[in-house]
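Peer 1: I'd like to go over a predicted model; first the sequence, then the structure.
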Amino acid sequence: MIGRQTRRTALASLLFGAAATSLARPTAAGTSAGPAPTGAQPTATPSSQPPPSQTPPSQVPASQAPGACTLFPQAIEGPFYFDPKLVTPDIAGDRPGAATTLELRVIESGPCTPIRNARVDIWHADARGVYSGYDGQGDDGRVSAKSDTYLRGTQFSDADGRVTFNTIYPGWYPGRTPHMHIKIFLDATTLVTGQIYFPDAFSQSVYATREPYTVRPVADTTNARDFLFARGGIEGGGTVMAVATSDERIVAQLVIAVDRSGKAASAAPGVGGLFRRMLGQ
């Protein structure tokens, strides 16, 4: 892994244009327009409701918020993606941190129907802002986790398009706002390569009050200052998850609408889209 400025410059050079607009925008409270988190308020059972595309906005169930069928924006993978083929919902391993449940639902843009058996890969940094699988990390660039595979995992969506991961709240590292990486496949087709974010105020609270985040309580970059997030609907920016705390456990939720054909991902201009077109993905 390269140094702070070099890594950031390298990432910036890989940016490619948007294939779609963002799934959800932060609200005034800084939360996503996505589904209501577990424990925050009761949610309707999606299977008992007509498809959202046939339901007036005022009657859309809480787990399928208005606008949720908007295509999820594509983004660069980041310098840390690799495929360890870890099919497990429990990705925290031995990493200390605030227990977090990540609940995602994959649906098809347009009809808003759930996509079954989509492969969903998640990976993110630990409480110190360190990714598994790489060396040269940490504030001093001397931390190595090259032989580790923590905080990386794969799940396949159920009949309702849902996957759940048990993990920890991600820490921050220089130059980036707290985030997770996500990649979604259907068979051999890449549907989404993106990044998902948290409300600034929520991250600030976690870092200031929970161990071991209190060792580094102030992230150096907020959502508004992050060079990817600030691009709005371009490069996966602006997609903030709905978050809540239930019995000290953090619950983060998001509905992700994708182009089932994979054309939106493969057609993205720039380096990322070029690689996918070369690989036939």
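Peer 2: Now that the structure is in, tell me what you want to look at.
Peer 1: Could you use CA atoms for every contact and neighbour count after this?
Peer 2: OK.
Peer 1: tell me the contacts of Ile182?
Peer 2: Residues near Ile182 by CA atoms under 8 Å, 6 or more residues apart in numbering: 120-123, 192-196.
Peer 1: Let's have the residues you listed in TSV, adding neighbour count, secondary structure and distance to Ala219.
Peer 2: As requested, those are exported to TSV (neighbours: other CA atoms under 10 Å; DSSP: H, G, I helix; E, B strand; the rest coil; distance: CA to CA, whole Å):
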residue	neighbour count	secondary structure	distance to Ala219
Val120	24	strand	28
Asp121	24	strand	25
Ile122	20	strand	22
Trp123	26	strand	19
Val192	28	strand	27
Thr193	22	strand	25
Gly194	21	strand	21
Gln195	28	strand	18
Ile196	18	strand	17
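Peer 1: what would those look like in TSV with distance to Thr209?
Peer 2: Shown next, in TSV, are those (distance: CA to CA, whole Å):
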residue	distance to Thr209
Val120	31
Asp121	29
Ile122	26
Trp123	24
Val192	34
Thr193	32
Gly194	29
Gln195	25
Ile196	23
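Peer 1: Tell me the one of those nearest Gly93?
Peer 2: Trp123 (12.6 Å; CA to CA).
Peer 1: Skipping adjacent residues, who's closest to that closest one in space?
Peer 2: Arg152 (4.4 Å; CA to CA, 6 or more residues apart in numbering).
Peer 1: Can you list the low-confidence ranges for the stretch 151-281 of the chain?
Peer 2: Scanning the stretch 151-281 of the chain for pLDDT under 70 picks out the ranges 232-237, 265-281.
Peer 1: Next, count neighbours for Asp140.
Peer 2: A count of nearby residues for Asp140, using other CA atoms under 10 Å, gives 9.
Peer 1: same deal with the one 5 residues further on?
Peer 2: Counted with other CA under 10 Å, residues neighbouring Ala145 total 15.
Peer 1: can you give me the helices in the chain?
Peer 2: Applying DSSP state H to the chain gives helices spanning 4-13, 200-209, 263-266, 270-278.
Peer 1: pretty sure the residue nearest to Trp123 contacts Pro89?
Peer 2: No. Using CA atoms under 8 Å, Arg152 is not in contact with Pro89; the gap is 9.6 Å.
Peer 1: Between those two, which is the more surrounded one?
Peer 2: Neighbours were counted for Arg152 and for Pro89 using other CA under 10 Å; Arg152 has more, 30 against 19.
Peer 1: Would you check how far apart that one and Lys183 are?
Peer 2: Using CA to CA, to the nearest Å, Arg152 is found at 11 Å from Lys183.
Peer 1: what do these two both touch?
Peer 2: Overlap of the contact sets of Arg152 and Lys183 (by CA under 8 Å, 6+ apart) consists of 121-122.
Peer 1: CA atoms only for stretch 157-177, dumped as CSV, please.
Peer 2: Only the C-alpha atoms of stretch 157-177 are listed here, as CSV (Å, rounded to 0.1, in the frame of the first residue of the first chain):
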residue,chain,number,x,y,z
SER,A,157,-28.8,-13.3,-1.8
ASP,A,158,-31.9,-15.2,-0.8
ALA,A,159,-35.2,-15.3,-2.6
ASP,A,160,-36.0,-11.8,-1.4
GLY,A,161,-32.6,-10.5,-2.5
ARG,A,162,-31.3,-10.2,1.0
VAL,A,163,-27.8,-10.8,2.5
THR,A,164,-26.6,-10.2,6.0
PHE,A,165,-23.0,-9.7,7.3
ASN,A,166,-21.9,-9.7,10.9
THR,A,167,-18.9,-7.4,11.2
ILE,A,168,-17.5,-4.4,13.1
TYR,A,169,-17.8,-0.7,12.4
PRO,A,170,-15.0,0.3,10.0
GLY,A,171,-12.3,2.7,11.2
TRP,A,172,-10.9,5.5,9.2
TYR,A,173,-7.6,5.9,7.4
PRO,A,174,-5.9,9.1,6.1
GLY,A,175,-7.6,10.8,3.2
ARG,A,176,-10.9,8.8,3.2
THR,A,177,-14.2,9.0,5.0
